[in-house]
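Visitor: Starting from these lines, generate the structure:
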Amino acid sequence: MGAAIAAGDWTSTGLPPPKAWPAALKVAAGMMLASPIPSFLAWGEAAATLHNDAARAMLDLPNALGRPFVEALPIPQAAELLARGRAGESVVLENVSFTRAGEEAWCNLLASPVRDEDGVVQGVLVHCNDITARVLQDQARLAKERRYRALFESMDEGFCVIEFFDGPHGPDSDYIHIMANAAYERHAGIPNVVGQTLREMVPAEADAWVARYGAVLRTGVPIRFEQELVATGRHLSLSSFRIEPPELKQVAVLFQDVTDRKRAEAELRHLNETLEARVTEALAERERTEEELRQAQKMEAVGQLTGGLAHDFNNLLAGISGAFEMIGTRLAQGRTGDVERYLGAGQGAARRAAALTHRLLAFSRRQTLAPRAVVINRLMADFVELVRRTVGPSIDVEMVAAAGLWPTLVDANQLENALLNLCINARDAMPDGGRITIETGNRWLDERTAREHGLESGQYVSVCVSDTGSGIDKATLERVFDPFFTTKPIGQGTGLGLSMVYGFARQSNGHVRIYSEVGQGTMVCLYLPRHLGDEDEDPILASPDAAPAHADQTVLVVDDEPTVRMLVVDALSELGYAVLEAQDGAAGLRILQSERRIDLLITDVGLPGGLNGRQVADAARALRPELKVLFITGYAENAVLNHGHIEHGMEVLTKPFAVGDLTGRIDRMLCEG
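Guide: Next up is the predicted model:
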């Protein structure tokens, strides 16, 4: 800038060439050019501007040499600085805002008058200090403080910071509240706590609070606890942690008032203690509380359950009871010709009732599964034909079987039931016809994908059923796996289909996912874990017409239901087995402790009298290690059966069962021995 000043044309400014400048101007210009601080000099009546390189860089100036000072200096206060400096006043302006390269910047300005040798003010020298970085830092800090303050004050929980100090009771024996939000008073019931010491606020309780928070201060270990604040009668749920570094001697406390909850718990305890005397009131209160907590969706599900299941079960019970009545009438009349027809009708209704209970157990993941290692593709040929017959000629059924499909450990019958449910749903979504595609595949799920599917990462076998139907809207899609949710009218569906599929998949250590777009169709995929062993061979069942291979063998039947026990004993007796029976676990165990030969134990899982079926079986195996055991149950007590993990030589048969299934299972188990 010195070179530019020396070479410049100053004619239009009223100044002579630089060589002819007065001494005061030369001295002032020299000081300005030599200064490392951004500086300006306004001189003469025209207030012609001179500035150094630092000023040009800081203010991002164009060529401002010689221009009037008020025009050259890009700040609103330029005229004020010039006027006050010409008046002989030294001026300091702080936090002056200006625009630099299109962005706001800030500086501090110091303006001083420049006098000639006669003491007359001829110019004004202005020094600029760029404080933009500091201002931006301060703004960011203030914004952060405002955010934290807003968060601090808007928290629903009470929050405070306490600082320990040495008191009359010893080192760190008291503390003062140095911060507290508005919610502190709302939860604790104590106003204006900032500046108050603990022993001023609650002198009778101070020792206990100092002990708790003092331990946090010494150890740095956070704590959570509940405590009554006796001074206000409020119960507080609190958490506390030390503020680092420890030398601050500060602890933060977050808490909320749980008095209402404590009162409710106390009332509940009182209610339980006086239950017999207040049973009517307790039931009414429970109903009211449950009504408040129950979600509208669950209420809708209960309505669908009672409507759909009552309709289905009433129909089935009517078929069963009606068949028995007609059989009785025909036998009384000596007309046996129609008995076979009524027997078939009653048995069919009973089988459908059993299927419905299996669906109920499936969605709750309590059905009894008999998993074995299978390659699902081998099940598909017969299954696809079944689907084609079920969905009718207007719907094409395609099978896309992956080559080299891995085995998976699954109950094949329940898998077919689940897939058939999906195919029937697909059929219902295509009233005018369409296409169902059943596709198998091997899948590797990484950790992220597995987490999205609710699975462990690893290898899975997938079976997908897709259709070209109407699709499912987003609101319905979020509820399709809910128990009893159905879009069908009452009496046409119980809402258990997809819930059963979900329950089966989860019980098989897999998952199910559904993908759908309105108008584009739906795809439901089952993911089942890969089995790393070989595929199991299909069991070879004895011919039902063949004579029992071990007719001299003895079976012990333990069941507390007389009707079931009678049917099992009679069926086995007809096959030539010697049969022993017991009505509970204790009686069965006494027989097992005798010297009688027993080749097979058949026991119900849920038995009265303190010994369940699993305990009887374990005791029997301790006495007779090679004894085969068949559990029969109307409910899959997974805890009793060790969640399906039963020992070799043990099997499970679910009630209700056909007598032929029972005898066939017994023949196979004993023949394998």
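Visitor: hey, let's count contacts and neighbours off CA atoms from now on
Guide: OK.
Visitor: Please name the spatially closest residue to residue 240 (chain neighbours excluded).
Guide: Take residue 240 and drop its neighbours on the chain: the residue closest to it by CA to CA, 6 or more residues apart in numbering is residue 253, 4.5 Å away.
Visitor: Against residue 24, how distant is the most far-flung residue of the chain relative to its centre?
Guide: Residue farthest from the centre of the chain, counting by CA atoms, centre = their mean, is residue 118 at 85.6 Å. For residue 118, the distance to residue 24 (CA to CA, to the nearest Å) stands at 10 Å.
Visitor: pretty sure residue 89 is in a strand, no?
Guide: No - Residue 89 is assigned coil when assessed by DSSP: H, G, I helix; E, B strand; the rest coil, not a strand.
Visitor: Restrict the host helix or strand of residue 614 to CA atoms and write it as CSV.
Guide: Counting by DSSP states H and E, the element that carries residue 614 is helix 613-623. C-alpha atoms of helix 613-623 as CSV (Å, rounded to 0.1, in the frame of the first residue of the first chain):
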residue,chain,number,x,y,z
GLY,A,613,-45.6,-86.3,33.9
ARG,A,614,-42.1,-85.2,33.3
GLN,A,615,-41.1,-85.9,36.9
VAL,A,616,-42.7,-89.3,36.7
ALA,A,617,-40.7,-90.0,33.5
ASP,A,618,-37.5,-88.9,35.0
ALA,A,619,-38.0,-91.0,38.1
ALA,A,620,-38.9,-94.0,35.8
ARG,A,621,-35.7,-93.5,33.8
ALA,A,622,-33.7,-93.5,37.0
LEU,A,623,-35.2,-96.9,37.9
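Visitor: Can you identify the element that follows it toward the C-terminus?
Guide: Using DSSP H and E, the next helix or strand after helix 613-623 towards the C-terminus is strand 628-633.
Visitor: just checking, what packs against the helix or strand just after that next one?
Guide: Downstream of strand 628-633, the next assigned helix or strand under DSSP H and E is strand 650-654. Strand 650-654 sits against strand 628-633, with contacts defined as 3 or more CA pairs under 8 Å, 6 or more residues apart in numbering; DSSP states H and E.
Visitor: avg pLDDT for the strand it packs on?
Guide: The pLDDT scores in strand 628-633 average 88.
Visitor: With just CA atoms, put that strand into CSV.
Guide: The C-alpha coordinates for strand 628-633 follow below in CSV (Å, rounded to 0.1, in the frame of the first residue of the first chain):
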residue,chain,number,x,y,z
LYS,A,628,-39.5,-95.7,26.5
VAL,A,629,-41.8,-92.8,27.3
LEU,A,630,-44.7,-91.3,25.4
PHE,A,631,-46.1,-88.0,26.7
ILE,A,632,-49.7,-87.2,25.9
THR,A,633,-51.0,-83.8,26.5
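Visitor: for it, packing partners?
Guide: When contacts are defined as 3+ CA pairs under 8 Å, 6+ apart, strand 628-633 packs onto strand 600-604, strand 650-654.
Visitor: Reformat the ones you listed into JSON lines and put mean neighbour count and distance to residue 97 next to each item.
Guide: JSON lines is the format used below for the helices and strands packed on strand 628-633 (neighbours: other CA atoms under 10 Å; distance: least, CA to CA, whole Å):
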{"stretch": "strand 600-604", "mean neighbour count": "26", "distance to residue 97": "89"}
{"stretch": "strand 650-654", "mean neighbour count": "19", "distance to residue 97": "85"}
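Visitor: Relative to residue 274, which of those strands is closest?
Guide: Comparison of the helices and strands packed on strand 628-633 against residue 274 by CA to CA identifies strand 600-604 as nearest, at 38.1 Å.
Visitor: can you give me the angle the closest one makes with strand 628-633?
Guide: Compare the direction of strand 600-604 with that of strand 628-633 by axes from the mean of the first three to the mean of the last three CA atoms, to 10 degrees and you get 20 degrees.
Visitor: Can you name the residues in contact with strand 600-604?
Guide: Residues external to strand 600-604 that are found in contact with it (CA atoms under 8 Å, 6 or more residues apart in numbering): 554-560, 612-613, 617, 627-633, 670.
Visitor: swap in stretch 556-564?
Guide: Contacts of stretch 556-564 (CA under 8 Å, 6+ apart): 565, 568-569, 579-585, 588, 598, 600-604, 607-608.
Visitor: If we use 6 Å, what do you get?
Guide: With CA atoms under 6 Å, 6 or more residues apart in numbering as the test, stretch 556-564 has contacts from 565, 579-584, 601-604.
Visitor: If we only consider the residues you listed, which is nearest to residue 622?
Guide: residue 601 (13.2 Å).
Visitor: and that closest one, bridged to which residues?
Guide: residue 556, residue 629 (DSSP bridges).
Visitor: pLDDT score assigned to it?
Guide: Among the per-residue scores, residue 601 holds a pLDDT of 95.
Visitor: same check, this time on residue 329
Guide: pLDDT, residue 329: 76.
Visitor: Work out for me the element it sits within.
Guide: Using DSSP H and E, residue 329 falls in helix 296-333.
Visitor: Next: residue 256.
Guide: Per DSSP H and E: residue 256 is located in strand 250-257.
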